[in-house]
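>>> Give me coordinates for this.
(2 chains)
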Amino acid sequence: MKTVGEVQSSNYLLAKFENLVDWAVNASRANSLWPMPFGTACCAIEFMATAASRFDFARFGMERQAFSPRQADVLICAGRLPFKLAPVIRRIYDQMPQPKWVISMGACASTGGIFDNYSMVQGIDTIVPVDVYVPGCPPRPEGLLYGVLLLHKKIKGESLFDHVRRRDEQPLDEKGLRLAPETIDEISEPFGNSIHQFRSS
Amino acid sequence: MIPGVLREAKARDGEHIVYVARERLLETMRWLKETPDQAFDYLVDVTAVEYRDRERPLEVVYFLRSLSRKVDIRVKVELDAADELAVDSVWSLWHGADWLEREVFDMFGITFTGHPDLRRILMWETYAEGNPLRKSFPLRGRFSRAEQVRQALNANPEAHYSLEELSIADAGGDLPEDMRERLKRGERGTIPEPGSRE
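Model (predicted):
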């Protein structure tokens, strides 16, 4: 029979070991993100500026842009998303291997922005899970870089061993909704100037 | 004198507008295109207007240009909204009218009789909320956001395009096997054999 001290000591060593593994895994994941650009509008111009030499997100380990979702870690949705592209981004997200993260770049990708109309998805978080929202119309490259740094921070807080902190996205249902219908209606409520327009009008 | 003209007007920019009876549209357009001293050989755009005033009829507007004479003309057909919204397609005169008329059909619900492939072009084909540019259409659409998301996710991305558009002329036989399978499941028509199109 082990003494209390021995059990605590072995737990302590195990925890130390887990921390070490987490640190190594998370650091290598965070510092070598392969972005999958999904550029649909003017945010993609800022995204290109971020990738180009002046701002250069290669400094943060993102020098390898993956134009195939099967070789990507982070999906960057840069620009508004019409309903016609909703099944496309869902399929791209499903094709990305675990672990995967999503950055929603700009006002339109995050909330629908000024396009509060019949053809536009009101926030891509109704379609795919989003980790970092970068506000702006469009955000400056510094904004996107700050979002990437926040994503680094988030990744470094994940854990392979702690179920609460472990990131394990379930594959999304092929055609179903990701959120409850009431939730989607609630988060896509009109805001700003558009509250003066009504569905019945 | 242009045949079938009901009345004429000047636009604010000085351009000539002719209003044509719906039944005689095709005759008028053929006359404008084929008469040598008219020679309006280029169809710039087809669009439609619905005015805020419910009493005014819808207008289908054709922008014509004569490349040789360097003159423009607008031809308008008025349609009563309570009536059947249908005009003759000018596709037989200008093949470029194909997508332009499809867009008007999609956004306004105006049918072009004689069009070879009249289906939605901007919205997906199973779109059930109506015609977005009609004044009776609410800005955010008729369904709730959740229902719109659900319907959008259930749309098949490949089904937005015809096989011809996807296979780009004769590449039909060269399509990858899995793509052919998907097209077979969610698609209209048959897969063309290589070289079957002239």
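
>>> what pLDDT, on average, does the helix or strand containing A:Val148 get?
Using DSSP states H and E, A:Val148 falls within helix A:141-156. Model confidence over helix A:141-156, given as mean pLDDT, is 93.

>>> Summarise which helices and strands it is packed against.
Counting contacts by 3 or more Cβ pairs under 8 Å, 6 or more residues apart in numbering or on different chains; DSSP states H and E, helix A:141-156 packs against helix A:4-30, helix A:43-51, strand A:101-105, strand A:132-134. Every C-beta, even on glycine, is put in place using the N, C-alpha and C of the backbone.

>>> Show me the contact partners of the shortest one.
For strand A:132-134, contacts defined as Cβ atoms under 8 Å, 6 or more residues apart in numbering or on different chains pick out A:101-106, A:110, A:143-144, A:146-148, A:150-151, A:154.

>>> now do the second one
Where contact means Cβ under 8 Å, 6+ apart, the residues beyond helix A:43-51 that reach it are A:37, A:39, A:55-58, A:62, A:65, A:76, A:78-79, A:105-106, A:108-109, A:138-141, A:144-145.

>>> change it to 10 Å
Helix A:43-51 has contacts (Cβ atoms under 10 Å, 6 or more residues apart in numbering or on different chains) with A:35, A:37-39, A:55-58, A:62-63, A:65, A:76-80, A:103-109, A:113, A:134, A:136-145, A:147-148.

>>> Is whichever helix or strand comes after that helix in proximity to chain B?
Per DSSP H and E, the first helix or strand lying C-terminal to helix A:43-51 is strand A:74-78. No. Strand A:74-78 is not in contact with chain B by Cβ under 10 Å from any Cβ of the partner chain; minimum separation 15.2 Å.

>>> what lines up beside strand A:74-78 in the sheet?
Using DSSP bridges, the strands paired with strand A:74-78 are strand A:35-39 (parallel), strand A:101-105 (parallel).

>>> Just the buried residues of whichever helix or strand comes after it, please?
Later in the chain than strand A:74-78, the nearest helix or strand by DSSP H and E is helix A:86-95. For helix A:86-95, the neighbour count (16 or more other Cβ atoms under 10 Å in any protein chain shown) marks A:Ala86, A:Pro87, A:Val88, A:Ile89, A:Arg90, A:Ile92, A:Tyr93 as buried.

>>> in chain B, what spans have low per-residue confidence?
B:157-176, B:178-180, B:182-198 (pLDDT under 70).

>>> and the gap between the residue of it positioned farthest from its centre and chain A?
The centre of chain B is farthest from one residue, B:Glu177, which by Cα atoms, centre = their mean lies 33.1 Å away. According to Cβ to the nearest Cβ, to the nearest Å, B:Glu177 stands 18 Å off from chain A.

>>> Kindly report the same for B:Glu147.
7 Å.

>>> and the gap between that residue and A:Ser188?
Noted for B:Glu147: a distance of 11 Å to A:Ser188, by Cβ to Cβ, to the nearest Å.

>>> So which of the two has more stuff around it?
Legend: neighbour count by other Cβ atoms under 10 Å in any protein chain shown for B:Glu147 and A:Ser188, higher for A:Ser188 (23 against 17).

>>> ranking the strands paired with strand A:74-78 by burial, who's on top?
Of all the strands paired with strand A:74-78, strand A:101-105 carries the top mean neighbour count, a mean of 27, counting by mean count of other Cβ atoms under 10 Å in any protein chain shown.

>>> Show me how far that one is from its chain's centre.
Relative to the chain's own centre, strand A:101-105 is displaced by 3 Å; criterion: Cα atoms, centre = their mean, to the nearest Å.

>>> Please enumerate the strands of chain B.
Taking DSSP state E as the criterion, chain B contains strands spanning B:5-10, B:16-20, B:42-49, B:58-66, B:71-79, B:86-88, B:111-113.

>>> what's the closest of those strands to A:Leu13?
Closest of these to A:Leu13 is strand B:42-49, at 74.6 Å (criterion: Cβ to Cβ).

>>> Buried ones in that closest one, by neighbour count?
Neighbour count says strand B:42-49 has B:Leu43, B:Val46, B:Thr47, B:Ala48 buried, by 16+ other Cβ under 10 Å.

>>> and the closest residue to the second one other than its chain neighbours, how many residues sit next to it?
Once flanking residues are discounted, B:Val46 sits nearest to B:Leu100: 3.9 Å by Cβ to Cβ, 6 or more residues apart in numbering or on different chains. The local packing count at B:Leu100 equals 21, with neighbours defined by other Cβ under 10 Å.

>>> what's near enough to touch the most centrally placed residue in chain A?
The centroid of chain A falls nearest to A:Val102 when counting by Cα atoms, centre = their mean (1.9 Å). Counting by Cβ under 10 Å, 6+ apart, A:Val102 makes contact with A:36, A:38, A:74-77, A:89, A:93, A:96, A:109, A:124-125, A:127-133, A:151, A:169.

>>> B:Ala48 too?
Counting by Cβ under 10 Å, 6+ apart, B:Ala48 has contacts B:58-61, B:76-77, B:79, B:85, B:87, B:101, B:103-105, B:107-110, B:131, B:133-134.

>>> please redo it, this time with the cut-off set to 7 Å
B:Leu58, B:Glu59, B:Val60, B:Val61, B:Val104, B:Phe108, B:Ile110 (Cβ atoms under 7 Å, 6 or more residues apart in numbering or on different chains).
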